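Student: here are the coordinates; sequence isn't available:
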């Protein structure tokens, strides 16, 4: 299957919302993306779409967040959400989106990513339970689904604290 991945553009917005709504079976993720686009920290180059021909079939968003420790704050990215049209799931499109998202984030100088996701899916990209890096979630969640990825070796070695998501995540 020939897939191309590119940054989103304004013409993609409604399709991105629709794909996320379909993939998650609710409208929360589509609304989250719409709200995050209005946040000044939104990075257009980290909102990527997977296309088959001219049709958008998947989407991934990496958004700047912080990890707050007792004495320091650390910048990182949240991988949220990532979606593929349900009929095309399981064909490697999501994996291509994650790999491209990681590569793009690294190229832009980001050093780490946090994800709340499937424990059997994200480790194949190098994600490890965040608690191994002394990073905790701001809400109750099983440790094995709250993960972190160092894109630069040692990037999280001095990090300790709780992830702080922007308010838009709380609103959906």
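Tutor: Right, received. Where do you want to start? Remember, predicted model here, so these are calculated numbers, not experimental data. Residues are numbered from 1 along each chain as shown.
Student: State the distance from residue 156 to residue 97.
Tutor: Noted for residue 156: a distance of 23 Å to residue 97, by C-beta to C-beta, to the nearest Å. (Glycine included, C-beta is placed from N, CA and C.)
Student: Report the secondary structure state of residue 75.
Tutor: Recorded secondary structure, residue 75: strand (DSSP: H, G, I helix; E, B strand; the rest coil).
Student: Surely it is in contact with residue 68?
Tutor: No - with contacts counted by C-beta atoms under 8 Å, residue 75 stays clear of residue 68, the gap being 10.9 Å.
Student: Check this protein and tell me which residue is nearest its centre.
Tutor: residue 79 (1.3 Å; C-alpha atoms, centre = their mean).
Student: Which pLDDT does the model give that residue?
Tutor: Here the pLDDT value assigned to residue 79 is 98.
Student: Likewise for residue 171?
Tutor: At residue 171, pLDDT is 75.
Student: repeat for residue 21
Tutor: The model's pLDDT for residue 21 equals 94.
Student: now the one 5 residues further on
Tutor: Looking at residue 26, its pLDDT is 92.
Student: Give the helix, strand or coil label for it.
Tutor: Applying three-state DSSP: residue 26 is coil.
Student: ranges for the strands of the chain?
Tutor: All strands of the chain, identified by DSSP state E, fall at 4-7, 47-52, 55-68, 73-84, 112-116, 128-129, 135-136, 146-150, 161-164.
Student: surely residue 18 meets residue 30?
Tutor: Yes - using C-beta under 8 Å, residue 18 makes contact with residue 30 at a distance of 7.0 Å.
Student: Look at these two and report which has more neighbours.
Tutor: Taking neighbours as other C-beta atoms under 10 Å, residue 18 and residue 30 compare with residue 30 leading, 24 against 16.
Student: Please give me every residue in contact with that one.
Tutor: 16, 17, 18, 20, 21 (C-beta atoms under 8 Å, 6 or more residues apart in numbering).
Student: switch the cut-off to 7 Å
Tutor: For residue 30, the contacting residues are 17, 20, 21, by C-beta atoms under 7 Å, 6 or more residues apart in numbering.
Student: Closest one of these to residue 127?
Tutor: residue 20 (20.6 Å; C-beta to C-beta).
Student: Just give the number of residues close to the closest one.
Tutor: Residue 20: 25 surrounding residues under other C-beta under 10 Å.
Student: That one reaches residue 29, doesn't it?
Tutor: Yes - contact criterion C-beta atoms under 7 Å: residue 20 and residue 29 qualify, at 4.0 Å.
Student: so what sits against both of the two?
Tutor: Shared contacts of residue 20 and residue 29, counting by C-beta under 7 Å, 6+ apart, come down to 81, 83.
Student: For beta bridges, what are the partners of residue 79?
Tutor: Here residue 79 shows beta-bridge partners residue 62, assigned using DSSP bridges.
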